[in-house]
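Asker: Could you look at this predicted model? Sequence included:
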Amino acid sequence: IPADARPADDAVPLVDISGGGLAETPVQQAMELARVHGPVFRRRLNEHEHLFVSSLDLVTELADETRFSKGISKTLDYVREFAGDGLFTAYNDEPNWAKAHDILMPAFALGSMRTYHPAMLRVARRVMDSWDRRAARGEAVDVADDMTRMTLDTIGLAGFGFDFDSFGRATPHPFVEAMVRCLEWSMKRLGRTPGADHSEQDQEFERDSAYLASVVDEVIAARTKSGDTSVDDLLGLMLGAAHPEDGTTLDAANIRNQVITFLIAGHETTSGTLSFALYHLLKDPTALRLAQREADELWGDNPDPDPTFEDIGKLRFTRQVLSEALRLWPTAAAFTRQAREDTLLGGRVPLRAGELVTVLTPMLHRDPAWGDNPELFDPARFTPEAEAARSPHAYKPFGTGERACIGRQFALHEATMLLALLVHRYRFVDSAHYQLRIKESLTLKPHGFALSLIPRTPAD
Ligand code: HEM
């Protein structure tokens, strides 16, 4: 909103970054601003002003669905240029949000994970085949690239019955490259210098988004050609399922938006989560040992076990490792809330109806509620006792309320299984003395993270 339409709120520091501009890593830049200016600040960037918040007390208020709902930030509005009214980017009051949500929910009930389990395991085996070959040649793997291969193949096979075959190619699938450029285009657009010429980037974006749409058409055509209308995976529900109450189905334009949304949201963040978890295990031999012990208890010395659906629920420590990795580096690092009415946040920050507030999740996850050493990786923060003792609003890697992540169980089942299989099978060697650097393409991933592997023997 224009600055003069806003009531004065001297309580909130205004930080103008127009001089230096938006960094290549806007989340890490905003984290730095929060460290300097505190857990609530307004960032000015040319003509845009935006409120960022990261303390537990204020996020607790923002999570109140009677006062706030999901907000579509400027950046998400740019994502809408290629994901349209798909679930992630739909406005709350767009009828297609509730309709698609109701139709697709059954695909994410806990029982559905049992259906996806075999596809997830099949792709986990692709990772291990590829890593075995690398290990035999003494070569390191690029963790983030391979985790992206694995999560793309998994959502493709489990959700759409479509095989991207990412391990069968030397370079990432072109879908990934076009998607990353589209995400970066949306992320950087806010930082454009007013009046500068961006036609080259915009043309590249048009080409990339047209390519993404062509992949969507290929995925849909493969299913339509098969003539199979009985499949009740995500694509089957999108193409055929009727709304449980009014019996309507999704229209063709919305189906395309949902396919693109799920192909992106269904893999990009899970891949970063696995990469951060592997990074922290590499640097924390005690946690790695505990994770290995847990997997060994289930699968003994068998280097090629056949994990059951039930096994995954028993991998409690492995799950804690993933939760802690998502605490330090929530891969979808911000979400935006919108005031339903004029209100006073924290009794001191006046907000107009419709005004947007962005939660900076990595800083919420470093709130004093997390103790004296929030930068330390410590999976014990997620024992059931520790979780019960903490406010649920201190941890929001999957967002909040009715617009929270629909794919949370999917991501956690997939990631827990793969992580346990990897620690069971390999010793991890930090041959490159890797120092964490984080790349941002709207989501967060470790950059240039090379890992060397040695197959474990029963003695390890
Ligand atoms: C929404 C994070 C995995 C599909 C969200 C939101 C967050 C998030 C923070 C809320 C965004 C907002 O409020 O603006 C994550 C993380 C994941 C993950 C950290 C992995 C570790 C997945 C997977 C799928 C998925 C595997 C699909 C299979 C979606 C969809 C929405 C969403 C469709 C929009 C829901 C709605 O508004 O109705 N996710 N996600 N996500 N996520 Fe995820």
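Answerer: Here it is on my side, so go on.

Asker: excluding its backbone neighbours, what's nearest F398?
Answerer: The spatial neighbour of F398 that comes closest, neighbours along the chain excluded (Cβ to Cβ, 6 or more residues apart in numbering), is C405 at 3.8 Å. Where you see a C-beta, it was placed from the backbone N, CA and C, and this is true even at glycine.

Asker: Next: L288.
Answerer: L281 (4.5 Å).

Asker: what's the one you found in contact with, if anything?
Answerer: Shown in contact with L281 (Cβ atoms under 8 Å, 6 or more residues apart in numbering): A287, L288, A291, V321, V423, F428.

Asker: Report the buried residues of stretch 191-208.
Answerer: Buried residues in stretch 191-208, counted by 16 or more other Cβ atoms under 10 Å: G191, F205, D208.

Asker: Could you look up the SS state of the first one?
Answerer: Assigned with DSSP: H, G, I helix; E, B strand; the rest coil, G191 falls in the coil class.

Asker: where's it relative to R425, distance?
Answerer: Relative to R425, G191 is positioned 43 Å away (Cβ to Cβ, to the nearest Å).

Asker: quick one: the strands in the stretch 251-400 of the chain?
Answerer: For the stretch 251-400 of the chain, the strands defined by DSSP state E, counting those that start in this stretch cover 334-339, 343-345, 349-351, 356-360.

Asker: where does this structure have low pLDDT?
Answerer: 1-10 (pLDDT under 70).

Asker: hang on, the earlier thing: need the max-distance pair from the contacts of L281.
Answerer: Spatial extent of these (Cβ to Cβ) is set by the pair V321 and F428 at 13.0 Å.

Asker: So for these two, which sits in the more crowded spot?
Answerer: Counted by other Cβ atoms under 10 Å, V321 and F428 do not tie: V321 has more neighbours, with 29 against 19.

Asker: ok, that one touching H280?
Answerer: Yes - at 7.0 Å, V321 counts as touching H280 under the criterion of Cβ atoms under 8 Å.

Asker: any common contacting residues for the two?
Answerer: Joint contacts of V321 and H280 (Cβ under 8 Å, 6+ apart) are A287.

Asker: Show me what from this structure comes close to the ligand.
Answerer: 70, 87-88, 101, 155, 261-262, 265-266, 269-270, 273, 331-332, 335, 397-399, 403-407, 410-411 (Cβ under 6 Å from any ligand atom).

Asker: List the buried residues for stretch 106-126?
Answerer: By neighbour count on 16+ other Cβ under 10 Å, the buried set for stretch 106-126 is A107, F108, S112, M113, Y116, H117, A119, M120, L121, V123, A124, R126.

Asker: In a markdown table: those, plus secondary structure.
Answerer: Formatted as a markdown table, those follow (three-state DSSP):
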| residue | secondary structure |
| --- | --- |
| A107 | helix |
| F108 | helix |
| S112 | helix |
| M113 | helix |
| Y116 | helix |
| H117 | helix |
| A119 | helix |
| M120 | helix |
| L121 | helix |
| V123 | helix |
| A124 | helix |
| R126 | helix |
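
Asker: among those, which two are most distant?
Answerer: Going by Cβ to Cβ, the pair spanning these furthest: F108 and R126, at 23.8 Å.

Asker: Please tell me I have it right and T66 contacts A339.
Answerer: No - using Cβ under 8 Å, T66 is not in contact with A339; the gap is 11.3 Å.

Asker: between those two, which one's more packed in?
Answerer: Shown here are T66 and A339; by other Cβ under 10 Å, A339 has more neighbours (21 against 7).

Asker: and which of the buried residues of stretch 106-126 is nearest A30?
Answerer: Nearest to A30 among the buried residues of stretch 106-126 is F108, at 30.2 Å by Cβ to Cβ.

Asker: how much space between that closest one and M147?
Answerer: The gap separating F108 from M147 is 21 Å, by Cβ to Cβ.

Asker: Ok, A30 next?
Answerer: Distance from A30 to M147, by Cβ to Cβ: 25 Å.

Asker: Can you tell me which of the buried residues of stretch 191-208 is closest to the ligand?
Answerer: Comparing these against the ligand with Cβ to the nearest ligand atom places G191 closest, at 19.9 Å.

Asker: which residues touch the residue in the stretch 251-400 of the chain positioned nearest to the ligand?
Answerer: Taking Cβ to the nearest ligand atom, the ligand has its nearest neighbour within the stretch 251-400 of the chain at G399, 2.9 Å off. G399 is in contact with K70, A332, F335, C405, counting by Cβ under 8 Å, 6+ apart.

Asker: Among the residues you listed, name the buried ones.
Answerer: Buried members of the contacts of G399, counted by 16+ other Cβ under 10 Å: K70, A332, F335, C405.

Asker: Surely the second one touches P397?
Answerer: In other words, A332. Yes - between A332 and P397 a contact is recorded at 7.3 Å, counting by Cβ under 8 Å.

Asker: Overlap of the contact sets of these two?
Answerer: Shared contacts of A332 and P397 (Cβ under 8 Å, 6+ apart): T361.

Asker: burial count for K225?
Answerer: Neighbours around K225, by other Cβ under 10 Å: 8.

Asker: Quick one: name whatever helix or strand follows the host helix or strand of it.
Answerer: Using DSSP states H and E, K225 sits in helix 199-226. Later in the chain than helix 199-226, the nearest helix or strand by DSSP H and E is helix 234-240.

Asker: Return the list of helices and strands in contact with that following helix.
Answerer: When contacts are defined as 3 or more Cβ pairs under 8 Å, 6 or more residues apart in numbering; DSSP states H and E, helix 234-240 sits against helix 95-104, helix 143-160, helix 199-226, helix 252-265.

Asker: Please repeat the previous calculation with a cut-off of 6 Å.
Answerer: Counting by 3 or more Cβ pairs under 6 Å, 6 or more residues apart in numbering; DSSP states H and E, the packing neighbours recorded for helix 234-240 are helix 252-265.

Asker: can I get the CA coordinates of the helix it packs on in CSV?
Answerer: The C-alpha trace of helix 252-265 is given here as CSV (Å, rounded to 0.1, in the frame of the first residue of the first chain):
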residue,chain,number,x,y,z
ALA,A,252,-8.9,-27.7,-18.6
ALA,A,253,-7.0,-24.4,-17.8
ASN,A,254,-7.0,-25.1,-14.1
ILE,A,255,-5.8,-28.7,-14.6
ARG,A,256,-2.8,-27.3,-16.5
ASN,A,257,-2.1,-24.9,-13.6
GLN,A,258,-2.4,-27.7,-11.1
VAL,A,259,0.0,-30.0,-13.0
ILE,A,260,2.6,-27.3,-13.2
THR,A,261,2.1,-26.4,-9.6
PHE,A,262,2.5,-30.0,-8.4
LEU,A,263,5.4,-30.8,-10.6
ILE,A,264,7.3,-27.8,-9.1
ALA,A,265,6.0,-27.7,-5.5
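
Asker: now for it, which elements pack on it?
Answerer: Checking 3+ Cβ pairs under 6 Å, 6+ apart, helix 252-265 ends up next to helix 74-83, helix 199-226, helix 234-240.
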